[in-house]
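J.: Pasting the sequence and the predicted coordinates here, then a few questions.
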Amino acid sequence: MKKLSIIVPIYNMEKYIDRCVQSVLDAKLNDSIEILLINDGSKDKSQEIMDSYYKQHPDIIRVFNKENGGHGSVINFGIDKSEGKYLKILDSDDYFNTENLKKLIAFLDKNEEVDLIITSYYKVFENSCLKQKLNIKSNEIMPLESLYSIFSGNSNKENINYVPMAMVTYKTKVLKNCKKRLLEKTYYVDTEFNVFYINEVNDFIYLDLPIYNYCIGRADQSISSQSFVNNYNDHSKVVHSIIEYYNTHLFKTKIHKLVTEIMIVRLLNTQYAIYGYHLKKGYNSQLQKVMLDFDQWLKQESPYLYDKMAIRKYISLGRKHNFNKRIYRPFFFKLAIAWEMMRGTWKKYNI
């Protein structure tokens with residue numbers, strides 16, 4: 001069995017595949033790694049490029065071609081097909097630090113029991129990069145309680161208090177044993193990825209080893225303000241899916257539930273902010289009704305989480321004024337953030 005499966009979702013990424021795949025191949029770890037190149041119905045030359053890599057490296061590369069189903073469907077498919085001891089996702093427009101990937105494999109050669117490995121990573125902009133890491137002891141296996149302490153604390157520009165997909169490497173068995181699968185044809189399923197699977201984790205280790213280079217700047221990226229607005233319904237579907245999971249899942253321990261709640265609060269913060277902050281103009285009575293309906297839905301589905309969201313000043317103000325467009329807009333959103341920053345509550349997600 002190989003040490004690591006790397007799932008590479010591909011959809012119309014002919015411009016970026018070479019950089020992505022080569023960052024793994026250059027590590028020359030053919031005996032330890034498998035790369036699953038999964039074409040999600042691309043219409044460009046992605047498949048040709050994938051086939052070329054397979055012909056050159058059949059001992060490390062596996063190629064799959066499936067109908068378009070979105071990022072979540074590729075991850076679901078990849079989990080089922082993966083044969084490595086551990087599993088990591090690498091989006092095809094991003095790339096690995098080759099030398100640090102070698103160090104991860106060296107670590108896996110000596111450690112095969114921990115459920116989750118968290119590593120630092122870089123946000124890569126056009127002219128700069130920013131390291132993102134956890135303010136936690138490195139190279140020590142810890143129980144999930146330690147991750148809760150990080151999640152419920154403050155963050156700053158470099159030390160963050162959450163764990164995006166770019167930071168995680170799961171034991172493949174953990175993912176395969178989980179019965180939940182990600183939504184298909186839907187953006188923002190990365191939150192589902194961690195919420196569902198972290199609840200199967202008993203312990204983790206943090207390595208201050210920036211492996212993943214997360215490239216930011218493409219206008220069509222799902223994290224841009226315009227994409228949040230355009231794909232509001234997708235984000236809402238993810239929220240509904242995760243709230244349903246939260247309401248029906250039998251959590252292994254109280255800590256598992258608390259960690260999940262903090263991740264959900266982060267997701268809900270974004271949901272409320274899409275029309276209050278990311279939408280620069282055009283907020284109207286129809287969108288106001290969308291916000292009112294969502295807020296009432298959350299109150300009905302999870303009164304506990306509904307009450308916890310009142311810690312955000314822009315949400316409590318929005319509720320007080322029925323999400324009226326005079327209040328629920330970027331100007332007041334920024335004022336609410338400034339007010340919370342003065343009080344020292346803005347960066348805290350402790351619930």
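T.: Received, thanks.
J.: How is the closest residue to Y277 other than its chain neighbours assigned, secondary-structure-wise?
T.: In space, and not counting its chain neighbours, Y277 is closest to F333: 4.5 Å by C-beta to C-beta, 6 or more residues apart in numbering. Using the backbone N, CA and C atoms, a C-beta is placed for each residue, glycine as well. Three-state assignment for F333 (DSSP: H, G, I helix; E, B strand; the rest coil): helix.
J.: ok, how many other residues are close to F333?
T.: Look at F333: counted by other C-beta atoms under 10 Å, it has 22 neighbours.
J.: Check the spacing between it and Q271 real quick.
T.: 14 Å (C-beta to C-beta, to the nearest Å).
J.: Kindly report the same for E67.
T.: 29 Å.
J.: So which of the two has more stuff around it?
T.: Higher neighbour count among E67 and Q271: Q271, with 22 against 8, using other C-beta under 10 Å.
J.: Which elements pack onto the stretch of helix or strand the more buried one belongs to?
T.: Using DSSP states H and E, Q271 maps to helix 254-273. On a contact count with 3 or more C-beta pairs under 8 Å, 6 or more residues apart in numbering; DSSP states H and E, helix 254-273 meets helix 144-151, helix 190-198, helix 232-248, helix 285-301, helix 303-308, helix 313-320.
J.: And those: which comes nearest I17?
T.: helix 190-198 (20.4 Å; C-beta to C-beta).
J.: The helix or strand just after the closest one - contacts with which helices or strands?
T.: Per DSSP H and E, the first helix or strand lying C-terminal to helix 190-198 is strand 203-215. Secondary-structure packing of strand 203-215 (3+ C-beta pairs under 8 Å, 6+ apart): strand 95-96, helix 98-110, strand 116-124, strand 141-143, helix 144-151.
J.: Of these, which is nearest P210?
T.: Across the helices and strands packed on strand 203-215, closest to P210 is strand 116-124 (C-beta to C-beta), at 4.5 Å.
J.: Which is the succeeding secondary structure element to that closest one?
T.: Next element after strand 116-124 (DSSP H and E): strand 129-132.
J.: in that following strand, what counts as buried?
T.: Buried residues in strand 129-132, counted by 16 or more other C-beta atoms under 10 Å: C129, Q132.
J.: between F333 and Q271, what contacts are shared?
T.: Common neighbours of F333 and Q271 are not found (criterion: C-beta atoms under 8 Å, 6 or more residues apart in numbering).
J.: returning to what we had before: residues touching the helix holding Q271, excluding its own?
T.: By C-beta under 8 Å, 6+ apart, helix 254-273 touches 143-145, 147-148, 151-152, 162, 191, 194-195, 198-199, 228, 235-236, 238-239, 242-243, 246, 249, 251, 291, 294, 298, 305, 308-309, 312, 314-315, 318, 333, 349-351.
J.: The closest residue to K176 other than its chain neighbours: what's it in contact with?
T.: For K176, ignoring the flanking residues on the chain, the nearest one in space by C-beta to C-beta, 6+ apart is I79 at 6.3 Å. Applying C-beta under 8 Å, 6+ apart to I79 gives the contacts I7, L87, T172, L175, K176.
J.: Wait, the third one touches K81, no?
T.: No. With contact defined as C-beta atoms under 8 Å, T172 does not reach K81; the gap is 10.6 Å.
J.: The two: who's more crowded?
T.: Between T172 and K81, counted using other C-beta under 10 Å, the more crowded position is T172 (19 against 14).
J.: With respect to Y206, which of the helices and strands packed on strand 203-215 lies nearest?
T.: strand 116-124 (4.8 Å).
J.: Can you spell out which helices and strands pack onto the closest one?
T.: Going by 3+ C-beta pairs under 8 Å, 6+ apart, strand 116-124 lies up against helix 98-110, strand 129-132, strand 168-171, strand 203-215.
J.: Now with 7 Å, please.
T.: strand 129-132, strand 168-171, strand 203-215 (3 or more C-beta pairs under 7 Å, 6 or more residues apart in numbering; DSSP states H and E).
J.: distance between that strand and the chain's centre?
T.: Centroid separation between strand 116-124 and its chain, computed with C-alpha atoms, centre = their mean, to the nearest Å, is 11 Å.
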